[in-house]
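Enquirer: what's the 3D shape of this:
(chains A and B)
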Number of protein chains: 2
Amino acid sequence: MNFIIRPALKDDMGDVLSLIKELAVFENQPDAVEISVEDLINHGFKSDPMFLCHVAIYGDKIVGMSLGYRRYSTWKGPTMHLEDLIVSRNYRRKGIGKALLSNFVKVSSLRGVKRIEWAVLNWNSDAIKFYEANGAKVHDDWLVTQMNEVAIKKFLKNNNENI
Amino acid sequence: MNFIIRPALKDDMGDVLSLIKELAVFENQPDAVEISVEDLINHGFKSDPMFLCHVAIYGDKIVGMSLGYRRYSTWKGPTMHLEDLIVSRNYRRKGIGKALLSNFVKVSSLRGVKRIEWAVLNWNSDAIKFYEANGAKVHDDWLVTQMNEVAIKKFLKNNNENI
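Expert: Take a look at the predicted model:
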């Protein structure tokens, strides 16, 4: 293997944000990324970090990353969530995604969790095949539901007297 | 309103577990609940609690609960996840679910998050209607993917040399 996986440093967050933006374009949401390098540093490198991040280095370039955090299941207890697993387009098919996944599974296992979970877009068949080949189960009965910032404000305004 | 919503106490975890089990039966997964009252106390009431929980009290009985925790979006920053919103079957249609949701949205808003999210089963049309009526968007393009304890062990065994 001519790449390495290592924990991300503060100085990597610029490259990590570039990968996040590359994925957003691939997912047809180029304007969805509101986060900044400073946010990533503030959120990920404080005493109670909001996520853990690893990067893949090929040559001297950051070409991939994984980012995840703790979740909690009322059925199983502590779990881990893989928020992003990204390999830059020109560095695919070199085993980097598999190595990033292996690293995340290993780190999660060392934390003693009973489940790792993430979400995949239903049209991303390459990703679905990759995950299923590695033993994950892709569920089609759970629907991701979100209340965004605008909806939160509207909800609170509409329900002011009931809270 | 003849009920109140308040933060859960350690002593409530027995009733909370009963509600979790009631929901698991409703979701056709009666054997999925592996967690114990002791687990819930250990995980939720330590210095770095893994979740926050509120209960709904009707008369002197716990008849509903919400349970959630912090998540992180690489697009939006800190978010909140609503893992469970449960109202016991005999206490529905009294506004308790709405009050629990309102409370969770308010607590999340005070934490400054830009998104609240959760998952709903695609056949649970009452829940879907309830969430949509309150401004949430139910997505049908994201698939929940999970690697369970058995799959994690198998994956690590198969990939031992690559980690």
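
Enquirer: surely residue A:49 is in a helix?
Expert: No - with DSSP: H, G, I helix; E, B strand; the rest coil as the criterion, residue A:49 is located in coil rather than a helix.

Enquirer: what sits up against stretch A:111-127?
Expert: A:27, A:68, A:70-71, A:73, A:76-83, A:85, A:104-105, A:108, A:128, A:131, A:138, A:140, A:144, B:34, B:140-149, B:152 (C-beta atoms under 8 Å, 6 or more residues apart in numbering or on different chains). For every residue, glycine as well, the C-beta is placed using N, CA and C.

Enquirer: filter these to the buried ones?
Expert: A:68, A:70-71, A:73, A:76-83, A:85, A:104-105, A:108, A:128, A:131, A:138, A:144, B:142-148, B:152 (16 or more other C-beta atoms under 10 Å in any protein chain shown).

Enquirer: in strands, which of those appear?
Expert: Secondary structure of the buried ones among the contacts of stretch A:111-127 is defined by DSSP state E; positions in strands are A:68, A:70-71, A:73, A:77-83, A:85, A:138, A:144, B:142-148.

Enquirer: which parts of chain A are helices?
Expert: A:13-26, A:37-44, A:96-110, A:125-133, A:149-158 (DSSP state H).

Enquirer: okay, those helices, which one's buried deepest?
Expert: helix A:96-110 (a mean of 20; mean count of other C-beta atoms under 10 Å in any protein chain shown).

Enquirer: tell me if that one is near chain B.
Expert: Yes - remark: helix A:96-110 sits within contact range of chain B at A:98, A:99, A:102, A:103, A:105, A:106, A:108, A:109, by C-beta under 8 Å from any C-beta of the partner chain.

Enquirer: ok, the closest residue to residue A:141 other than its chain neighbours to residue B:17 distance?
Expert: Spatial nearest neighbour of residue A:141, chain neighbours left out: residue B:122 (5.2 Å); criterion: C-beta to C-beta, 6 or more residues apart in numbering or on different chains. For residue B:122, the distance to residue B:17 equals 26 Å [C-beta to C-beta, to the nearest Å].

Enquirer: same deal with residue A:103?
Expert: 34 Å.

Enquirer: wait, residue A:97 touches residue A:130, no?
Expert: Yes - applying C-beta atoms under 8 Å as the test, residue A:97 and residue A:130 come out as touching, 6.8 Å apart.

Enquirer: over to residue A:9: give its phi and psi.
Expert: The phi/psi pair for residue A:9 (degrees, to the nearest 10) reads phi -110, psi 160.

Enquirer: number of residues surrounding it?
Expert: As a burial measure, residue A:9 scores 12 neighbours (other C-beta atoms under 10 Å in any protein chain shown).

Enquirer: likewise for residue A:28?
Expert: 9.

Enquirer: got it, and residue A:50?
Expert: 20.

Enquirer: tell me the confidence at residue A:160?
Expert: We have a pLDDT of 74 for residue A:160.

Enquirer: equivalent analysis for the one 3 residues further on, please.
Expert: Model confidence at residue A:163, given as pLDDT, is 46.

Enquirer: returning to that earlier point: and the residue nearest to residue A:141, how far is that from residue B:144?
Expert: 11 Å.

Enquirer: overlap of the contact sets of the two?
Expert: residue A:142.

Enquirer: for chain A, give me the ranges with low pLDDT.
Expert: A:1, A:161-163 (pLDDT under 70).

Enquirer: ok, back up a step: can you list the helices of chain A in TSV and add distance to residue B:91?
Expert: Output for the helices of chain A, formatted as TSV (distance: least, C-beta to C-beta, whole Å):
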stretch	distance to residue B:91
helix A:13-26	42
helix A:37-44	39
helix A:96-110	37
helix A:125-133	39
helix A:149-158	22
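
Enquirer: for these, which one sits closest to residue A:50?
Expert: helix A:37-44 (4.4 Å; C-beta to C-beta).

Enquirer: relative to helix A:13-26, how tilted is that closest one?
Expert: 100 degrees (axes from the mean of the first three to the mean of the last three C-alpha atoms, to 10 degrees).

Enquirer: how about helix A:37-44 as PDB, C-alpha atoms only?
Expert: C-alpha atoms of helix A:37-44 as PDB (Å, rounded to 0.1, in the frame of the first residue of the first chain):
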ATOM      1  CA  VAL A  37     -12.400  25.300   8.600                       C
ATOM      2  CA  GLU A  38     -12.600  27.200  11.900                       C
ATOM      3  CA  ASP A  39     -15.800  25.400  12.800                       C
ATOM      4  CA  LEU A  40     -14.200  22.000  12.100                       C
ATOM      5  CA  ILE A  41     -11.200  22.900  14.300                       C
ATOM      6  CA  ASN A  42     -13.400  24.300  17.100                       C
ATOM      7  CA  HIS A  43     -15.800  21.300  17.100                       C
ATOM      8  CA  GLY A  44     -13.300  18.500  16.600                       C
END
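
Enquirer: that helix near chain B at all?
Expert: Yes - contact of helix A:37-44 with chain B (C-beta under 8 Å from any C-beta) involves A:39, A:40, A:43.

Enquirer: now find how far off-centre that helix is within its chain.
Expert: Helix A:37-44 sits 15 Å away from the centroid of its parent chain (C-alpha atoms, centre = their mean, to the nearest Å).
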